[in-house]
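>>> Fold the following, please.
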Amino acid sequence: MTVSIDDFKKALQLWASGVTVVTTHSEQYGVQGMTATAFSSVSVDPPQILVCINDAADTGTGIQESGYFAVNILNSDQQELSNQFAGGTSQQQRFDNTSWKAGITGAPILNDSLMSLDCKVLERVRAGTHWIIIAEVQDSICRTGEPLLYYSGAYRNIAEL
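Below is the predicted model:
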């Protein structure tokens, strides 16, 4: 027996995760970005991460063309930015009023994010409706603050114990 899509989505809502904006820059598509929560470290030596991107996401097309992307982990004050990059707007509108600079790979680094990893694609693996993109980290930028979290269909903040 296979779990239903609705039951699977309901179960995954119980997994708290950080919120990222994955960005890229390619000659054909320019700057692109999207909100994503499917992000993980893979290896420390060499430094590798993965992101999972829906096959229908246009940002994935830009990543495939350029071979580079950045993962920007959002801070607790960036809920609006997360929504801005979540879709429903053009790529140009997503970057309007967003402070960013090009990283060493050319991928947009969001200046106010909690942390940014500038990455080179190593491998793409097809999995259902998504691509798992494994990348080697070329540069990391860490800032101070608290992360923006997503849990049970809503944004959350870390609570002091």
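
>>> When you work out contacts or count neighbours from here on, use the C-alpha atoms and nothing else.
OK.

>>> Any stretches of this protein with poor pLDDT?
Residues of the chain that meet the criterion pLDDT under 70 lie in 1, 161.

>>> Now do the end-to-end distance for stretch 17-34.
Using Cα to Cα, to the nearest Å, the span of stretch 17-34 from its first residue to its last is 16 Å.

>>> ok, now stretch 30-43?
End-to-end distance (Cα to Cα), stretch 30-43: 30 Å.

>>> ok, and for that stretch, which residues are buried?
31-37, 39 (16 or more other Cα atoms under 10 Å).

>>> List of residues touching it?
The contact list for stretch 30-43 (Cα atoms under 8 Å, 6 or more residues apart in numbering) reads 17-25, 48-53, 58-59, 62, 82-83, 85-87, 91-92, 94, 107-108.

>>> which among the residues you listed end up buried?
Buried among these (16+ other Cα under 10 Å): 17-25, 48-53, 59, 62, 82, 85, 91, 94, 107-108.

>>> Could you list which of those belong to helices?
The helices, defined by DSSP state H, take in 59, 62, 82, 85, 91, 94 from the buried ones among the contacts of stretch 30-43.

>>> what about Asp55, how many neighbours?
Residues lying near Asp55 (other Cα atoms under 10 Å) number 16.

>>> got the contact list for it?
When contacts are taken as Cα under 8 Å, 6+ apart, Asp55 is in contact with 129-131.

>>> what about the helices in the chain?
So, for the chain - with DSSP H - the helices run 5-12, 58-66, 79-85, 91-95.

>>> Make JSON lines from these and add distance to Cys119 to it.
Listed next are those as JSON lines, based on distance: least, Cα to Cα, whole Å:
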{"stretch": "helix 5-12", "distance to Cys119": "27"}
{"stretch": "helix 58-66", "distance to Cys119": "10"}
{"stretch": "helix 79-85", "distance to Cys119": "19"}
{"stretch": "helix 91-95", "distance to Cys119": "20"}
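
>>> which residue is nearest the centroid of this structure?
The chain has Val22 as the residue nearest its centroid, 3.3 Å off, counting by Cα atoms, centre = their mean.

>>> check contacts around it.
Val22 neighbours (Cα under 8 Å, 6+ apart): 33-36, 69-72.

>>> Can you tell me who His25 pairs with across the strands?
Beta bridges link His25 to Val31, judged by DSSP bridges.

>>> and it, what does it touch?
31-32, 62-63, 66, 68-69, 106-108.
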